[in-house]
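Participant: model the structure of this input:
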Amino acid sequence: MEDKKADLAGHKANMMSLDGCSTTKEDNPVEDKIKEATASTNITDGVSAPENKKLSLMSLNDNKAGMKGLDKEKINAIIENASKGSKFYAKQKENQARIDEQIRRLKDRHDALTEKDLLCARQEADLFLEHLSASLDLSRTLVHVDMDMFYAAVEMRDNPELRDKPMAVGGMGMLSTSNYAARKFGVRAAMPGFIGKKLCPELVIVPTNMKKYAEVSEVIREVFREYDVNFSPMSLDEAYMDITDYLDLHPDTNPWDVVQEMRGKIEAKTQLTASAGIAPNTFLAKVCSDLNKPNGQFMLSPNQAEILEFVRKLSIRKAFGIGNVSEQHLNAIGVKTCEDLYLKRGEIKLLFSHISFESYMQISQGMGGNRLEPPEDRIRKSISTETTFKDTSDRDTLLDLCKELSAELSEDMKTKEILGQAVTVKIKTHDFKIRTKVRQLADPSNCKDTIYRAAKQILLYLLDSAEQQPLSLRLMGVRMSELKNRDEVRSRQRSIFTFFKPPTTEAVEEADRPAGPSSNTPTGPSVTLQRFACPVCDEDFVGLNTLNLHLDTCCPAEKSEEDLGLQNPSNSVSGICADPLRINPSVQTKLNTMCSSDSSVGTLKCGNENPDDKSANLVVEVENENLTCPVCFSVSFSSEDKLNSHMDECLNKSEIENLLGPHESVVSSKRKLESTPSLHSKKPRLHSNKIDSYFRKS
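Facilitator: Sure thing, here's the model as predicted:
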């Protein structure tokens, strides 16, 4: 513990020396290796100078392998000029204006901070850093493997003519990746293809082939499993591995040689190269895998002092969770590198959320996750598919796209053997505004028809509720969440849509037919029949005749009184007659043979004048009904007219005033229930509840 505190104190002194003290430091052996990851920006101690008038949201992110030393100013000018006048550009200007306003308020808050506030905040931050240092674990060996320009490399392997040309995979709407020759012109992933053409007129764009990439990825993953069966894939072309256990089983080797052997196997099986990073946690391993691209590897020793020096000049954009917007916010208070996250810890503590503060402090210390969850413990929250298309407001076209996406999502879910219960539809309008809406399903499902029904209803709602009519879209996506594995979901009664859906026709082999009633189906070596589901027990049957025979046994014409819910047939009639208005219609037709019975509230005549008429209904006749006042519960009347006259008096305002008195407050009280003995009913009856009880003080 003391050694860790000493290391932390040394790190603090180191950081302070960079802030103006004349302290000489020795060169670090890893510093030359991390110069490529260093931000080429001037670091200031105060608030940064006003931002360039150009749209920062549209500036090139060159924190990718093969993009160092580019003329960013020239590339950004080409990107902006190619985008001007478009709806995307207008939307980005709107977003940038909102971010600029956030930055303005952030700077105002920054300027209002006092030295006392900053001192207290730094002390709190230092306590948190001590806590982080005490929990530091450098015992694991994590590896991040990233295939070099994966999609482009597969296409270049299969078509050697592309190897010496600048090329990218994708379309004119969006690029998925580019090779290193194209990156020299500023062409990169997540860039529209037409802008890539502006930057590099010779650019060759190859359509994506996800099926081929997935097949190659599976070959690569087989190699990963040799070193860590619980490896964590992040996408088709990258994964994390924990090789600690493998090293324990092979004490005669070391991490460097193991990773080099792994990369060699991948290249031998796929003719593709991979780069790797070796470090004590996932954050550092990810950064290290990008340092010696392509076809290289970099290792960071599990030493805290070396780790702190490694992250000292690392650009904040290299850290996970810091994107364009977060970078602009941090730049506004003078934070450009991971070292600045520590130097500005007081400002970050006061100006950013608690979660952001903790995350930034972990990054400043080079800390990250060092345990990979086993596959069975990894919880997938959602699964989705989406597509971008040319602007359209045609409903038939949009519904067809929705149906295709639902079918694609269903197929993906069935492959992974998962079901979901919440369908979300995402749309992006022609002016790049994004809207989403979710709808819950009655039961977990991966059926394409069920998904489409819910998605269609959501889509129509989003289209109909839009202010602009007709609404034109350029992107649509369907997502399923609240996922469950198939084994977790029990078979349940089918929905009503099952019974109205046309039955499927299929060839049924004699040996595959279900036993029991289905054995009555026509015999033969191979019969083409329709399948039907019983609407009572949900069992499948082949052929309509088979289903009818089953229904005769599943739904018998006569049921006993006990099946009908009559626990005591001998005296059940009086119990029903006591409250004739609550007779269950399903029971009504089953009481044709019961005899007449008198009740306290009237006479119920039960019987069938024509015993041969099986379809006759129950005859109910109520005589001499006593009507009780619902206000005072103390007077009964034989007719509605008398009851109405009484209620006019019972509800008279002057009568209420006489009951309450001039100074009594109006306070409600709970009714008291008192059971009233009855020959035929045991239901409790409201008693002694005059209207003044509702206004009496409690």
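Participant: show me the contacts for residue 645.
Facilitator: Going by C-beta atoms under 8 Å, 6 or more residues apart in numbering, residue 645 touches no other residue. From N, CA and C alone the C-beta is placed, and that goes for glycine too.
Participant: now do the buried residues in the helix or strand containing it.
Facilitator: Here residue 645 is covered by helix 640-650, with elements defined by DSSP states H and E. For helix 640-650, a neighbour-count test (16 or more other C-beta atoms under 10 Å) marks 643, 646-647, 650 as buried.
Participant: from the residues you listed, pick the one nearest residue 151.
Facilitator: Residue 151 lies nearest to residue 647 out of the buried residues of helix 640-650, by C-beta to C-beta, at 81.1 Å.
Participant: isn't that closest one right up against residue 629?
Facilitator: Yes - counting by C-beta atoms under 8 Å, residue 647 does reach residue 629; the two are 6.4 Å apart.
Participant: from residue 262, how far out is residue 403?
Facilitator: Remark: distance between residue 403 and residue 262 (C-beta to C-beta, to the nearest Å) = 43 Å.
Participant: one more: residue 325?
Facilitator: Separation of residue 325 from residue 262 (C-beta to C-beta) stands at 36 Å.
Participant: those two: which is more packed in?
Facilitator: Counted by other C-beta atoms under 10 Å, residue 325 and residue 262 do not tie: residue 262 has more neighbours, with 24 against 16.
Participant: name the helix or strand for that one, please.
Facilitator: Using DSSP H and E, the element containing residue 262 is helix 255-270.
Participant: what helix or strand is residue 449 located in?
Facilitator: Going by DSSP H and E, residue 449 is part of helix 448-464.
Participant: quick one: the very next helix or strand once past that helix to helix 448-464, angle?
Facilitator: Helices and strands here follow DSSP H and E; after helix 448-464, the next one along the chain is strand 473-481. Strand 473-481 and helix 448-464 meet at an angle of 130 degrees, taking axes from the mean of the first three to the mean of the last three C-alpha atoms, to 10 degrees as the criterion.
Participant: show me the contact partners of the next helix or strand along the chain from strand 473-481.
Facilitator: Using DSSP H and E, the helix or strand that follows strand 473-481 towards the C-terminus is strand 484-485. Strand 484-485 has contacts (C-beta under 8 Å, 6+ apart) with 417-421, 444.
Participant: average pLDDT across strand 484-485?
Facilitator: For strand 484-485, mean pLDDT is 84.
Participant: quick one: strands adjacent to that strand?
Facilitator: strand 418-429 (antiparallel) (DSSP bridges).
Participant: flag the shaky bits of the stretch 301-450 of the chain, pLDDT-wise.
Facilitator: Low-confidence segments of the stretch 301-450 of the chain (pLDDT under 70): 375-378.
Participant: need the max-distance pair from the contacts of strand 484-485.
Facilitator: The span of the contacts of strand 484-485, defined through C-beta to C-beta, is set by 417 and 421 at 15.6 Å.
Participant: who's more crowded, those two?
Facilitator: Legend: neighbour count by other C-beta under 10 Å for residue 417 and residue 421, higher for residue 421 (16 against 10).
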